[in-house]
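S.K.: Sequence and predicted structure below; questions after.
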Amino acid sequence: MNTALAQGLNDTLAAAKQDLFGVGIDLVRTGRMQRIWERSGTGPSQMILMEDEQREFVRASDPVRFLASRFAAKEAIVKAMGTGFANGIWFQDVGSVTDDRGSLRIIYSDRGEQKRLNLGIEDAFVTIDECDGYFFACVLLTKSQQDPA
């Protein structure tokens with residue numbers, strides 16, 4: 001690798017690190033969600049999903065896969081925030097919905113939004129993938145350029 005290219009990559013990585021708040025990942029086995037579904041039916045969806053997620057859930061062709069994917073996203077979000085499901089954050093405080101282009105975007109309840117602002121989080125990016133019976137979610141959060149509230 002030439003020196004100019006290496007320096008450019010180092011500069012890019014340094015800039016990205018300054019803007020990065022947190023990264024969170026999670027893996028959910030679909031079979032585990034299937035067993036929960038068989039025992040409890042739609043009950044867990046009402047406890048786990050935010051209202052906007054519920055609207056997508058009722059239209060999902062495979063509710064178990066939907067729950068597994070969105071639970072993985074929620075876990076990844078709170079890991080990236082550094083809170084876990086504690087410190088003022090619960091299942092219905094963070095979530096993900098599909099936008100008009102078919103991409104996922106992260107959403108927050110009023111309490112989740114306040115926590116996001118207090119932590120100094122600006123943007124949020126999420127991706128979910130499925131492989132061999134597992135859903136994998138990855139979340140990237142960026143820092144706000146303003147001081148946290």
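M.R.: Here it is on my side, so go on.
S.K.: Just the pLDDT at the closest residue to residue 42 other than its chain neighbours, thanks.
M.R.: Excluding its sequence neighbours, the residue lying closest to residue 42 (CB to CB, 6 or more residues apart in numbering) is residue 63, at 7.5 Å. (C-beta placed from N, C-alpha, C; glycine too.) Looking at residue 63, its pLDDT reads 93.
S.K.: In terms of helices and strands, where is residue 72?
M.R.: When elements are assigned from DSSP states H and E, residue 72 belongs to helix 63-81.
S.K.: Once you drop chain neighbours, what's closest to residue 47?
M.R.: Counting by CB to CB, 6+ apart, the residue nearest residue 47 is residue 91, at 6.4 Å.
S.K.: Let me see the ranges of the strands in this protein.
M.R.: 20-29, 94-98, 104-108, 121-131, 134-143 (DSSP state E).
S.K.: mind checking which of these is nearest residue 52?
M.R.: Residue 52 sits nearest to strand 94-98 of all the strands of the chain, at 4.9 Å, using CB to CB.
S.K.: Could I get the buried residue list for that closest one?
M.R.: Neighbour counts over strand 94-98 (16 or more other CB atoms under 10 Å) mark 94-97 as buried.
S.K.: Between the residues you listed, which sits nearest residue 110?
M.R.: Set against residue 110, the nearest of the buried residues of strand 94-98 by CB to CB is residue 94 (11.9 Å).
S.K.: which residues touch the closest one?
M.R.: Contacts for residue 94 (CB atoms under 8 Å, 6 or more residues apart in numbering) come out as 50, 74, 77-78, 81, 106-109, 112.
S.K.: same thing with residue 139?
M.R.: Going by CB under 8 Å, 6+ apart, residue 139 touches 22-25, 73, 76-77, 79-80, 106, 124-126.
S.K.: again, only this time at 6 Å
M.R.: Contacts of residue 139 were listed using CB atoms under 6 Å, 6 or more residues apart in numbering, and they are 24, 76-77, 80, 126.
S.K.: What's opposite it in the beta bridge?
M.R.: With DSSP bridges as the criterion, residue 139 is bridged to residue 24, residue 126.
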